[in-house]
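[1] for reference, the sequence and a predicted model appear below.
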2 protein chains.
Amino acid sequence: MNIIQKLNNRIDEVSSLLCIGLDSELKKIPVYLHAEQYPQYIFNKAIIDATHTLVCAYKPNIAFYEERGEKGMKELKMTMDYLRTKYPEIITICDAKRADIGNTNKGYVAHIFDYLGFDAVTLHPYLGKEALQPFLDRKDKASIILCKTSNPGSGEFQNLVVGKQMMYEQVAMHVSKEWNRNDNCMLVVGATYPEEMKKIRSIVGTMPFLVPGIGAQGGDIQKTVSAGMDKDTRGMIINSARSIIFASAGTDFAKRAKEEATNLRTTINKFRFVK
Amino acid sequence: MNIIQKLNNRIDEVSSLLCIGLDSELKKIPVYLHAEQYPQYIFNKAIIDATHTLVCAYKPNIAFYEERGEKGMKELKMTMDYLRTKYPEIITICDAKRADIGNTNKGYVAHIFDYLGFDAVTLHPYLGKEALQPFLDRKDKASIILCKTSNPGSGEFQNLVVGKQMMYEQVAMHVSKEWNRNDNCMLVVGATYPEEMKKIRSIVGTMPFLVPGIGAQGGDIQKTVSAGMDKDTRGMIINSARSIIFASAGTDFAKRAKEEATNLRTTINKFRFVK
């Protein structure tokens, strides 16, 4: 199935734009789990079991697994095998921010889409469409292109003026008009820049945004929902990681994660369905 | 030691700008090696032992290891352990084209610089300097920023006009003026664009270029050397992968790689020291 369709089905089914970031950095997960053979996996499994009815997507950032070498990568694979078997209707996003030229990307495609089995991956736009074709050609997967990122210094290149637009608007335009032939593209748009988000929404129609930057990074939920929602009250995958998964450092971490996720989903929906 | 200094020492010691790309894709290495427990490592070790006197650097593209999951990553680690122990004076570049925001990069820094032990890594510029600070802060390592890449479609964003310059010139200028406080930055500049390379050289002084794109991709060696060399006949790490490491598919692959590497180094030096 087309991943955008799968996403929309899931958003409607659980009435949620919430994505939980499985950024399960070893040193931040509860200390008592460190004695486990697979601590990151055990942690993820507990979070997933506690929160799966509340989310449209899960998004591990691969850096937090790669930093442990083969061990971490094995636990990411175990996490994905669990997710795909038990909750196949939930969107899985590999936040890897990859992009190489041409055939080299086939290694990443094989690793992220086929070996790990993710539905979607985040990608840098700088090399252009021609370079990213191996990702874009995968009709059964989705490519999520960095457009306007949530970090404070994202304007250094993204806000450079190109003609009458800024660089990030150029990216939105190119992706929307040229890259999306298979209806499998989305954009990363940070919650910390609602004005820019509004502009991007006006450029790309209903193309979904992956939205980092609420919570710890300071993005405002009401402004974000108002700026980014599409005409069908969808169009956004709103990610939250630390404030949910690390809500407690004790044995109640999964229970507390569920509470935080419940509250956040409720808050998002309040602004989503406001009259 | 500062990595640029290490690079210049090595270039002078072996009189070579040549870098061999260890893009040791499993299905392309000699079939008889597939029976080995660690085929990519055995292949790399033979290539390295045969060519080490001819090169300033080795550059594995991590995608060709990642695509095999934990197995490939283990063999990349074994390759790096071998290189660092036996030939510590040779520059090691992880062609990973990474870049995330802020602290997330610490995972990549830990993995690529500390766990795998590379001297340098390739990085996307799109998120800006503020995001890449964890890489730039490593005075003992080098960051190699994508500036003008070798692929046919690299102009889509890189050649967009920003004021009186193109995007890639903006990247060169920012990296040269703002990012390079620790004298640990280099740029990726493709051999397929000698005119652009000349412009970049005029912007960045002696900052070294990592140069992909000769050989299979069609870049001309004479034009490349003429466009990219700095005032001290250095300033370039010229990468060649497939035409060297896959020169033969038989048991003579290392011997043939040495011949190809010898020829390429000689050709580069002919144009490098032309009067």
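    Everything's here; your move. Numbering: from 1, shown residues only, chains lettered A, B, ... in the order given.
[2] can you pull out the helices in chain A?
    A:3-14, A:39-51, A:63-66, A:70-86, A:105-108, A:129-136, A:155-158, A:167-174, A:194-204, A:221-228, A:242-245, A:253-272 (DSSP state H).
[3] could you single out the most deeply buried of those?
    Greatest average neighbour count among those goes to helix A:63-66 (a mean of 25), per mean count of other Cβ atoms under 10 Å in any protein chain shown. Glycine gets a C-beta too; all of them are placed from N, C-alpha and C.
[4] and that helix, does that touch chain B?
    Yes - Helix A:63-66 comes into contact with chain B (Cβ under 8 Å from any Cβ of the partner chain), by way of A:63-66.
[5] which of the helices of chain A sits closest to residue B:145?
    Nearest of the helices of chain A to residue B:145, taken as Cβ to Cβ: helix A:155-158 at 10.9 Å.
[6] does the closest one reach chain B?
    Yes - with Cβ under 8 Å from any Cβ as the criterion, chain B is reached by helix A:155-158 at A:155-158.
[7] for stretch A:71-85, same thing?
    Yes - Stretch A:71-85 reaches chain B (Cβ under 8 Å from any Cβ) through A:73-74, A:77.
[8] hang on, residue A:147 packs against residue A:186?
    No - contact criterion Cβ atoms under 8 Å: residue A:147 and residue A:186 do not qualify, at 9.4 Å.
[9] of these two, who's got more company?
    Comparing residue A:147 with residue A:186 by other Cβ atoms under 10 Å in any protein chain shown, the one with more neighbours is residue A:147, at 31 against 26.
[10] residues in contact with that one?
    Going by Cβ atoms under 8 Å, 6 or more residues apart in numbering or on different chains, residue A:147 touches A:125, A:158, A:168, A:171-172, A:175, A:187-189, A:200.
[11] change it to 7 Å
    Residue A:147 makes contacts with A:168, A:171-172, A:187-189, A:200, as judged by Cβ atoms under 7 Å, 6 or more residues apart in numbering or on different chains.
[12] turn the residues you listed into TSV, columns for pLDDT and distance to residue B:28.
    Formatted as TSV, those follow (pLDDT from 0 to 100; distance: Cβ to Cβ, whole Å):
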residue	pLDDT	distance to residue B:28
A:168	98	38
A:171	98	34
A:172	98	38
A:187	98	35
A:188	98	33
A:189	98	39
A:200	98	41
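[13] and which of those is nearest residue A:55?
    Of all the contacts of residue A:147, residue A:55 sits closest to residue A:188, with 17.9 Å by Cβ to Cβ.
[14] wait, the closest one sits on residue A:151?
    No - taking contacts as Cβ atoms under 7 Å, residue A:188 lies outside contact range of residue A:151: 11.1 Å.
[15] compare these two (neighbour count), which wins?
    Ranked by neighbour count (other Cβ under 10 Å), residue A:188 and residue A:151 place residue A:188 first, with 25 against 22.
[16] where does confidence bottom out across the residues of helix A:63-66 next to chain B?
    Scanning the residues of helix A:63-66 next to chain B for pLDDT, the low point is residue A:66. It has 91.
[17] state the distance from that residue to residue A:151.
    Remark: distance between residue A:66 and residue A:151 (Cβ to Cβ, to the nearest Å) = 20 Å.
[18] also residue A:17?
    Going from residue A:17 to residue A:151 by Cβ to Cβ gives 22 Å.
[19] same check on residue A:265?
    On the measure of Cβ to Cβ, residue A:265 and residue A:151 end up 25 Å apart.
[20] how about the contacts made by the residue nearest to residue A:215 when sequence neighbours are not counted?
    In space, and not counting its chain neighbours, residue A:215 is closest to residue A:243: 4.2 Å by Cβ to Cβ, 6 or more residues apart in numbering or on different chains. Residue A:243 makes contact with A:215-216, A:260 under the criterion Cβ under 7 Å, 6+ apart.
[21] can you redo the contacts of residue A:147 as TSV with distance to chain B?
    Output for the contacts of residue A:147, formatted as TSV (distance: Cβ to the nearest Cβ, whole Å):
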residue	distance to chain B
A:168	9
A:171	7
A:172	12
A:187	13
A:188	10
A:189	14
A:200	15
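[22] return the member of the residues you listed nearest to residue A:22.
    Of the contacts of residue A:147, the one sitting nearest to residue A:22 (Cβ to Cβ) turns out to be residue A:188, at 17.0 Å.
[23] bridged to that closest one, which residues?
    Under the criterion DSSP bridges, residue A:188 forms beta bridges with residue A:146, residue A:210.
[24] now do the same contact list for it.
    The contact partners of residue A:188, taken as Cβ under 7 Å, 6+ apart, are A:122, A:144-147, A:149, A:210, A:212.
[25] let's go with 6 Å and repeat that
    Contacts for residue A:188 (Cβ atoms under 6 Å, 6 or more residues apart in numbering or on different chains) come out as A:144, A:146-147, A:210.
[26] how close does it sit to residue A:51?
    Distance from residue A:188 to residue A:51, by Cβ to Cβ: 22 Å.
[27] now swap in residue A:21 and tell me
    In terms of Cβ to Cβ, residue A:21 sits 12 Å off from residue A:51.
[28] swap in residue A:82?
    Distance, residue A:82 to residue A:51, by Cβ to Cβ: 14 Å.
[29] could you do residue A:28 as well?
    The gap separating residue A:28 from residue A:51 is 17 Å, by Cβ to Cβ.
[30] check residue A:85 too.
    Plainly put, residue A:85 is 17 Å away from residue A:51 if you go by Cβ to Cβ.
[31] what do you get for residue A:93?
    Between residue A:93 and residue A:51 the computed distance is 15 Å (Cβ to Cβ).
[32] can you give me the pLDDT of the one residue in the stretch 151-275 of chain A that gets nearest to chain B?
    Residue of the stretch 151-275 of chain A nearest chain B, by Cβ to the nearest Cβ: residue A:153 (2.6 Å). The per-residue pLDDT reported for residue A:153 equals 97.
[33] test my guess that it contacts residue B:128.
    Yes - the pair residue A:153 and residue B:128 passes the contact test of Cβ atoms under 6 Å, sitting 4.0 Å apart.
[34] need the residues of the stretch 101-250 of chain A near chain B, please.
    Within reach of chain B by Cβ under 6 Å from any Cβ of the partner chain, the stretch 101-250 of chain A has these residues: A:101, A:104, A:107-108, A:110-111, A:115, A:124, A:126-128, A:130-131, A:146, A:149, A:151-154, A:156-157, A:160, A:162.
[35] let me know the average pLDDT across stretch A:91-105.
    Across stretch A:91-105, pLDDT averages out at 95.
[36] quick check: closest non-adjacent residue to residue A:29.
    residue A:43 (4.6 Å).
[37] how about the contacts made by that neighbour?
    Residue A:43 touches A:24, A:29, A:33, counting by Cβ under 6 Å, 6+ apart.
[38] ok, those vs chain B, which is closest?
    When the contacts of residue A:43 are compared against chain B (criterion: Cβ to the nearest Cβ), the nearest one is residue A:24, at 11.2 Å.
[39] what's near enough to touch the closest one?
    Going by Cβ under 6 Å, 6+ apart, residue A:24 touches A:40, A:43-44.
[40] okay if I get those as JSON lines plus pLDDT and distance to residue B:252?
    Listed next are the contacts of residue A:24 as JSON lines, based on pLDDT from 0 to 100; distance: Cβ to Cβ, whole Å:
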{"residue": "A:40", "pLDDT": "98", "distance to residue B:252": "45"}
{"residue": "A:43", "pLDDT": "98", "distance to residue B:252": "50"}
{"residue": "A:44", "pLDDT": "98", "distance to residue B:252": "48"}
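[41] a markdown table for those residues, including distance to residue B:179?
    Formatted as a markdown table, the contacts of residue A:24 follow (distance: Cβ to Cβ, whole Å):
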| residue | distance to residue B:179 |
| --- | --- |
| A:40 | 33 |
| A:43 | 36 |
| A:44 | 35 |
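[42] and of those residues, the nearest to chain B?
    Set against chain B, the nearest of those by Cβ to the nearest Cβ is residue A:40 (12.1 Å).
[43] quick revisit: mind putting the contacts of residue A:43 into JSON lines with pLDDT?
    Formatted as JSON lines, the contacts of residue A:43 follow (pLDDT from 0 to 100):
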{"residue": "A:24", "pLDDT": "98"}
{"residue": "A:29", "pLDDT": "97"}
{"residue": "A:33", "pLDDT": "97"}
